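Visitor: Dropping the sequence and predicted coords here.
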Amino acid sequence: MFNNGLIDLHRQVQAQLWVDKINKAHETSQLCPWVSTFHPKRLTCKLEGGFYHGSFNAGMVRFPRVGKVHNEYIDEKTAMEVRALSLIRERTTIPIPKVQAWGYAAENPLGLGAFIMMDFVNGVCLNDLLIETDKADPTRLLREDISDGDIEVIYRQFANFLLQLFSLDYDSIGNLPSPEDKPESLMPKRPLTYKAHDILHNGGVDVFGGRCQGFATVTEYFQYLLEQDFGQLNHQPNSIYGPNDARRRYLSLKVLESLLPDLINKNYDGGKFELICDDLGLANLIYLNIYKRVLEEEEAKMPGHEKRELSNLVKWSQESGLHMLMSVGFNDQDSFPFMQLHQHVGEKEWKRREVEFRTLPEVEAFVTQKTITLEKYEVAMGKLKSEKVLVDAGQMTHEAFLATSIRLG
């Protein structure tokens, strides 16, 4: 499933306006004096390294970049990140920078949005270890000469971190409590997930559904996640490629819906619940067999993990594909997690369920409506692309383009 092109063009222009604003703050010498106001002794600071990937000699300042984070959730994302950093720093040995100051968008006098000021932690970037950055045309492909030993060292550290996080238990699924230094700004208890944000930010569909409460069971939470997939499929105008694709996508989600009760691990349905980063999971691990072995070895060393719960859950998740499937948006029947689940269930059983749902009147009604919506979307995209050409040529202002893109979207 592609991003919503109308949203993409809107964000490109929106991001450029923010970059222009932050460049101006730097060029007019507003940025460093502002950072200095947060230093206990108000010492002067200077920018070290490149502007976008550099740091200040007083520490590091991070902004959620406009165009990468949806405007409506920038404050919430920032607050949750501060809370997670503080919690991990207090309750684990994972090297986490100390947050010196932070604030919401309304607290930034430069108009650059929410911010976090933190200590800089020295370390070795994984890119320097895994990718050939010295090439004339560097790529994100792994170095050909990387050894299993190097991978094992990295995975062993990663496993140790996850085992420590796995020891932090919670009674419900949701956001962490609001940061202690801003107790008055209560955040919703429902989780701000990568999936829901991605569907909104890149698909243009708000699937949070106005929910503010957390979840008491995995069953309830997974049903909520599946509703998000149905919401994206129904309301993102280009969520299909044509009538046949629309039918296949709808039937795949109906099959998944029917399978959910049997796929949820009953031992963990009512908790305990753990702290996770839903943008970091098995899909990020290329050498999964090495990781599973290393994880088991690290579990054996760490007190409190004698039952090897985490490694057993990793194996179960890998076999079913369910966790990856429920954690990400933009799903379709040809994605890796869906194919993994398909294989886990078996071709015969999958087909049996598809045939069962194919006769439902709602299926063809959905196909008809989505085909009409797709045609309207393609017309709107043609108009917006023409106006983006005018922006690039300097014949239309960024602000005028944004107004048009909102109307067409």
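Guide: Perfect, I can see it now.

Visitor: CA atoms for contacts and neighbours, from now on please.
Guide: Noted.

Visitor: Quick one: list the elements packing against the longest helix seen in the chain.
Guide: Criterion DSSP state H: the longest helix present in the chain is helix 361-392. Packing partners of helix 361-392 (3 or more CA pairs under 8 Å, 6 or more residues apart in numbering; DSSP states H and E): helix 5-27, helix 243-263, helix 398-408.

Visitor: Tell me which stretches of the chain form strands.
Guide: Counting by DSSP state E, the chain has these strands, from start to end: 47-48, 55-56, 60-62, 99-103, 115-118, 169-170, 273-274.

Visitor: wait, what's in contact with Ala159?
Guide: Tyr291, Val294, Leu295, Glu298 (CA atoms under 8 Å, 6 or more residues apart in numbering).

Visitor: Make CSV out of the residues you listed and add distance to Leu17 and neighbour count.
Guide: Formatted as CSV, the contacts of Ala159 follow (distance: CA to CA, whole Å; neighbours: other CA atoms under 10 Å):
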residue, distance to Leu17, neighbour count
Tyr291, 43, 22
Val294, 46, 21
Leu295, 45, 24
Glu298, 47, 19
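
Visitor: Tell me which of those fall in helices.
Guide: Filtering those for helices - DSSP H - leaves Tyr291, Val294, Leu295, Glu298.

Visitor: Spell out which residues sit in contact with the last one, please.
Guide: The reference is to Glu298. Arg156, Ala159, Asn160.

Visitor: What is the nearest of the residues you listed to Ala380?
Guide: Ala159 (47.4 Å; CA to CA).

Visitor: Distance-wise, check that closest one relative to Val314.
Guide: For Ala159, the distance to Val314 (CA to CA, to the nearest Å) stands at 11 Å.

Visitor: What sits closest to Arg156 if chain neighbours are left out?
Guide: Val294 (5.9 Å; CA to CA, 6 or more residues apart in numbering).

Visitor: The one you found contacts Ile154, doesn't it?
Guide: No. Contact criterion CA atoms under 8 Å: Val294 and Ile154 do not qualify, at 10.0 Å.

Visitor: hmm, back to that, got the ones in helices among the contacts of Ala159 as JSON lines, with distance to Leu110 and pLDDT columns?
Guide: Formatted as JSON lines, the ones in helices among the contacts of Ala159 follow (distance: CA to CA, whole Å; pLDDT from 0 to 100):
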{"residue": "Tyr291", "distance to Leu110": "45", "pLDDT": "88"}
{"residue": "Val294", "distance to Leu110": "47", "pLDDT": "92"}
{"residue": "Leu295", "distance to Leu110": "46", "pLDDT": "92"}
{"residue": "Glu298", "distance to Leu110": "47", "pLDDT": "92"}
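
Visitor: Present the residues you listed as CSV; the columns should include distance to Asp20.
Guide: Formatted as CSV, the ones in helices among the contacts of Ala159 follow (distance: CA to CA, whole Å):
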residue, distance to Asp20
Tyr291, 43
Val294, 46
Leu295, 46
Glu298, 48
